[in-house]
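> Sequence isn't available, so here's the structure alone:
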């Protein structure tokens, strides 16, 4: 996780790192009906599709994750929480004493023990709350922990400022001392942040303000996942089903345009009825970002966010410029969709349905696991066997949707236990197979990083996480394409890959530009009302979808329901990640050499992400990786035209 007490942006960012790790973007997956030779899948359970969403208590234990690698029971968590409450005040006794080697070393050692306890407590609390957001015990557990961590941050806020106050020669002597070797990387990164570290009293105030500054994200999550009811719609089989954050994707992939349109309308009707509340939450999230950036003497909220990873603003700007330069290829794709679907105008709810409607495939959980393991075979036996044990024996994954469960998917790396994956897997949504590959990439990244690095250095930055996840999706696509000669199946696979690139590069870059624009507006003193959000987002929708796309007014409200907007400047990493992943996957498949890639997975946060990628062979300071990925998108669109347009 890095070092919590020394993190320059204080406890709020630590909480976000612990509570909200690698949530996958809205992705697009590929499907195959090919026979598999994997020996690992039979141990996994099977679950039929259900039109009624079960409660948590109705889900079979074997389909849930096993959190015992963190705590054997909620009671064990309570005991550790009591230890935390007793432990942290003792570290406060070092206040004013960080002038020599010994007290600094003792505090660092105490900090490591404390942080490992905090991380495990927070991970368990978050994962239990993710199972069911209506669980009173889980809500109370999280609230108590958040309150305690605010006190911990306030009590220990002196640590960073006192360490920063050391003379350069004294600080360098710590770096040169072998006793400080486990903290060498952390201390070097910390010193770099000296201009943005405040006085002890100011750090204490920011630590105390952390829960309030993070409230917008919590409000959005509870409102969107629990309180808001998106109605019921008849699916293409005529069965009335609930529209949820999770099931919306399933509706949008149905071939019945009526079902897609009604689900879209029903969903955004509910968003519209809460639009002022959501707008207020988003505005306050932006305000919090700007406040913290200014408090810490950054030029902008965007630069503050990029600073911790030492990512130049040019990387962000190059991404937007590169993607905008290739928008004609995206418009060509939308025109192809219109022709293949036989529609006069194309709407957002027409963009997710498969362009190869004759292929109907059900993929059980067992089959999905088999397919993913087979696709990842180029990474070697250790990689595949470890993942197989995790998915089939050690219960890393919470597989299916239940009432109150966190929507979408995420992977959660831990140092004390297994990596964990949250899914809402549906056998008739092939997108979920790709999502499983994506999240498995995160989890195996955590596995290798934890094994190779000490606690201080094991938590890799999100910038690199998105490389590992999309790399797996690339291997899945290549596996499917190599193992089919059926033109219809090939078209299906390519169409899915095109949609994945569209959703991960074009769409996430549009999101990144929105985050940049709304934060710039707040920094310029412009009002961010609901109308302002809608206007900014509408301008981007018009640019990124083109003049021949029918943009529904309701789609302007999408900016209020993207979870990452409440944790800003994250989404650009999806687009840079898939670009880097494309380059790395091509290299592994061409050469068969996995050494640089496994070294990449094992690097943790031992160096900055741009340097880590350069060592793996990808230069993200250049627009070349993004443009190369967009070249691949354009080639795939051209091939899809040949396959589908007679």
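Cool, got the structure. Values in this document were obtained by computation on a predicted structure and should not be read as measured data.
> any idea how far residue 400 is from residue 52?
12 Å (Cβ to Cβ, to the nearest Å). All C-beta atoms are positioned from the backbone trio N, CA, C, and that covers glycine.
> Neighbour count for those two, which is higher?
residue 400 (22 against 8; other Cβ atoms under 10 Å).
> what's the following helix or strand after the lowest-mean-pLDDT helix or strand in the chain?
Using mean pLDDT, DSSP states H and E, the weakest-scoring helix or strand in the chain turns out to be strand 22-23, at a mean of 35. As assigned by DSSP states H and E, the chain's next helix or strand after strand 22-23 is helix 74-91.
> which strands and helices sit next to that next one?
With contacts defined as 3 or more Cβ pairs under 8 Å, 6 or more residues apart in numbering; DSSP states H and E, helix 74-91 has these neighbours: helix 101-131, helix 136-155.
> What is the last one packed up against?
Using 3+ Cβ pairs under 8 Å, 6+ apart as the contact definition, the elements that helix 136-155 packs against are helix 10-19, helix 74-91, helix 101-131, helix 200-213.
> Out of the ones you listed, which one sits most buried?
helix 10-19 (a mean of 23; mean count of other Cβ atoms under 10 Å).
> can you tell me how far residue 506 sits from residue 467?
18 Å.
> When those two are compared, which one has more neighbours?
residue 467 (31 against 22).
> where's that one, which helix or strand?
With DSSP H and E as the criterion, residue 467 is inside helix 462-482.
> Of all the helices and strands packed on helix 74-91, which one is nearest residue 558?
For those, proximity to residue 558 was assessed by Cβ to Cβ; helix 101-131 is nearest, at 23.3 Å.
> For that closest one, name the packing helices and strands.
Checked by 3+ Cβ pairs under 8 Å, 6+ apart, helix 101-131 has helix 10-19, helix 74-91, helix 136-155, helix 158-164, helix 168-176, strand 410-412, strand 420-422 packed alongside it.
> The third one to helix 200-213, inter-axis angle?
What it means is helix 136-155. Helix 136-155 runs at 160 degrees relative to helix 200-213, counting by axes from the mean of the first three to the mean of the last three Cα atoms, to 10 degrees.
> Only the buried residues of helix 136-155, if you could.
Within helix 136-155, the residues that count as buried by 16 or more other Cβ atoms under 10 Å are 138-139, 141-142, 145-146, 148-150, 152-155.
> For the closest residue to residue 609 other than its chain neighbours, give me its contacts.
Leaving aside its chain neighbours, residue 609 sits nearest to residue 463 (4.1 Å; criterion: Cβ to Cβ, 6 or more residues apart in numbering). By Cβ atoms under 8 Å, 6 or more residues apart in numbering, the contact set of residue 463 is 309, 311, 573, 576, 577, 609.
> Look up how far residue 574 lies from residue 463.
10 Å.
> again, but for residue 286
The value you get for residue 286 to residue 574, if Cβ to Cβ is used, is 20 Å.
> Counting neighbours, go ahead and name the busier of the two.
Neighbours were counted for residue 286 and for residue 574 using other Cβ under 10 Å; residue 574 has more, 27 against 22.
> In space, what's closest to that one - neighbours in sequence excluded?
residue 508 (4.1 Å).
> what about residue 241, helix or strand, and which?
strand 240-242.
> Would you give the sheet partners of that strand, along with the direction of each?
Its sheet considered, strand 240-242 pairs with strand 232-234 (antiparallel) by DSSP bridges.
> remind me which residues of the protein are low pLDDT?
Low-confidence segments of the chain, defined by pLDDT under 70, span residues 1-51, 358.
> related to what we said a few turns ago, the residue nearest to residue 574 contacts residue 572, doesn't it?
Yes: the pair residue 508 and residue 572 passes the contact test of Cβ atoms under 8 Å, sitting 6.9 Å apart.
> ok, residue 585 - contacts?
Residue 585 sits in contact with 471, 474, 475, 478, where contact means Cβ under 8 Å, 6+ apart.
> just residue 337 next, same as before
Contacts of residue 337 (Cβ under 8 Å, 6+ apart): 346, 350, 351, 355.
> Output those residues as a markdown table; include the columns secondary structure and neighbour count.
Formatted as a markdown table, these follow (DSSP: H, G, I helix; E, B strand; the rest coil; neighbours: other Cβ atoms under 10 Å):
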| residue | secondary structure | neighbour count |
| --- | --- | --- |
| 346 | strand | 19 |
| 350 | helix | 20 |
| 351 | coil | 18 |
| 355 | coil | 20 |
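> Was I right to think residue 406 contacts residue 130?
Yes: the criterion here is Cβ under 8 Å, and residue 406 meets it with residue 130 at 4.1 Å.
> quick one: common contacting residues for those two?
Residues touching both residue 406 and residue 130 (Cβ under 8 Å, 6+ apart) are residue 422.
> one step back: any idea which of the helices and strands packed on helix 74-91 gets closest to residue 163?
helix 101-131 (7.2 Å).
> What about residue 193, how many residues nearby?
17.
> I'd like the distance from stretch 291-303 to the chain centre, please.
Distance, stretch centre to chain centre, for stretch 291-303: 23 Å (Cα atoms, centre = their mean, to the nearest Å).
> Can you name the residues in contact with that stretch?
8-9, 12, 195-198, 202, 206, 213, 286, 289-290, 304, 307, 313, 316, 515-516, 519-520, 522-523, 568-569.
> and it, how far apart are its ends?
End-to-end distance of stretch 291-303 (Cα to Cα, to the nearest Å): 13 Å.
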